[in-house]
Every structure is written in structure tokens, then in C-alpha cells.
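A.B. asks: need a 3D model of the following:
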Amino acid sequence: MIRAHTSSEHAPARAATQGRMAVEIVKARPVRKGPADTFVGDAWIEDVAGRDRPGSRIRVGLVRFAPGARNAWHAHSLGQTLRVLEGVGRTQARGGPVTEMRAGDTVIAEPGEWHWHGAAPDHFMAHLAMWEVPADGTETEWGEPVSDAEYRAGDKI
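C.D. replies: Numbers count the residues shown, from 1 in each chain. Model prediction:
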């Protein structure tokens, strides 16, 4: 089951810090086009955090979708959280309804849950995708592309 939360449902958590903190500025990484084997339509991906830090188990990516673009069915062994930054999108868990998501929404896919996400047919959409890499095993398993029929099932929403 995919859970969606609007931006007003969660208050920010604040942690007390003591002593000095080191701040590191990481320059923007190159944006790459979403590969055809895992995306339908045009999407662009920018790695935000995790891939270049040895030992880091967090992955954060900024993904921008053109209207109608979506990723393939996939599952993350430890789950995934999306934060929609702008636009209107669609998401679906296998066997569930296609659901609309909008800027400010947080979408949670549970560990091992097969799902997809992308832009609505007439809107661009950008989200942050966040997931944790397991200590051992596969972080993401990719399946088949989301068919036009599966995607269009959301036209009724």
C-alpha cells in the first residue's frame, strides 16, 4: 500500500546540536536522462546524496518528469519515500488504484512493494526520491515498463 501525506501533516523534527559542526558543500552533479529500460517518456535524474559518499546507505535523487513520463515497475528492498516538489503526478502500487500526487505530498512505498510513479499526462512533475541501501542485497529491483493501459487507468482520477 502506498501512503500519501500532505505537507501540513508533519511538523519538522529538530535535533539539538552541541559543539561545532563541519559543513561540506557538494557541487551539483550532472543531470542524466532516465534510461529507456527503466523509464517511459522523458525524465531527467540528478543524484543529490549518497552515491559518492563511501559507506553511505542513503540515496536521494531529484527526478523531473515530462508530461506522461513515468518509471517502470520497481521495488526497493527497504522502501522508498517521495516528496513531490512541483507539478502533478501519478503513482500506483501493484494491484491498487492509480493515485494522483501533487506538490507538497509525501508518498511512501513500503519495503518490497512494487510500484511506479511519474507525471500526469498534462503536467510536468518533479520529486525527490529517497531510499536506503541494505547492508547486503539489492537496493532496487526493476520490472517491466508501465503500459499505456496501466497509466491511463488514472484518467478517471
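A.B. asks: and the strands in this protein, which stretches?
C.D. replies: Secondary structure of the chain (DSSP state E): strands located at 2-5, 32-33, 39-40, 43-49, 58-65, 70-71, 74-76, 80-93, 99-102, 106-109, 115-119, 125-132, 140-142.
A.B. asks: and the ones you listed as JSON lines, adding mean pLDDT?
C.D. replies: As requested, the strands of the chain are arranged in JSON lines below (pLDDT from 0 to 100):
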{"stretch": "strand 2-5", "mean pLDDT": "56"}
{"stretch": "strand 32-33", "mean pLDDT": "97"}
{"stretch": "strand 39-40", "mean pLDDT": "98"}
{"stretch": "strand 43-49", "mean pLDDT": "94"}
{"stretch": "strand 58-65", "mean pLDDT": "95"}
{"stretch": "strand 70-71", "mean pLDDT": "98"}
{"stretch": "strand 74-76", "mean pLDDT": "97"}
{"stretch": "strand 80-93", "mean pLDDT": "98"}
{"stretch": "strand 99-102", "mean pLDDT": "98"}
{"stretch": "strand 106-109", "mean pLDDT": "98"}
{"stretch": "strand 115-119", "mean pLDDT": "98"}
{"stretch": "strand 125-132", "mean pLDDT": "96"}
{"stretch": "strand 140-142", "mean pLDDT": "96"}
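A.B. asks: out of these, which is closest to residue 26?
C.D. replies: strand 43-49 (8.0 Å; CB to CB). C-beta coordinates here come from the backbone N, C-alpha and C atoms, glycine included.
A.B. asks: so what strands line up beside the closest one?
C.D. replies: With DSSP bridges as the test, strand 43-49 is paired with strand 32-33 (antiparallel), strand 58-65 (antiparallel).
A.B. asks: among the ones you listed, which is the most enclosed?
C.D. replies: strand 58-65 (a mean of 19; mean count of other CB atoms under 10 Å).
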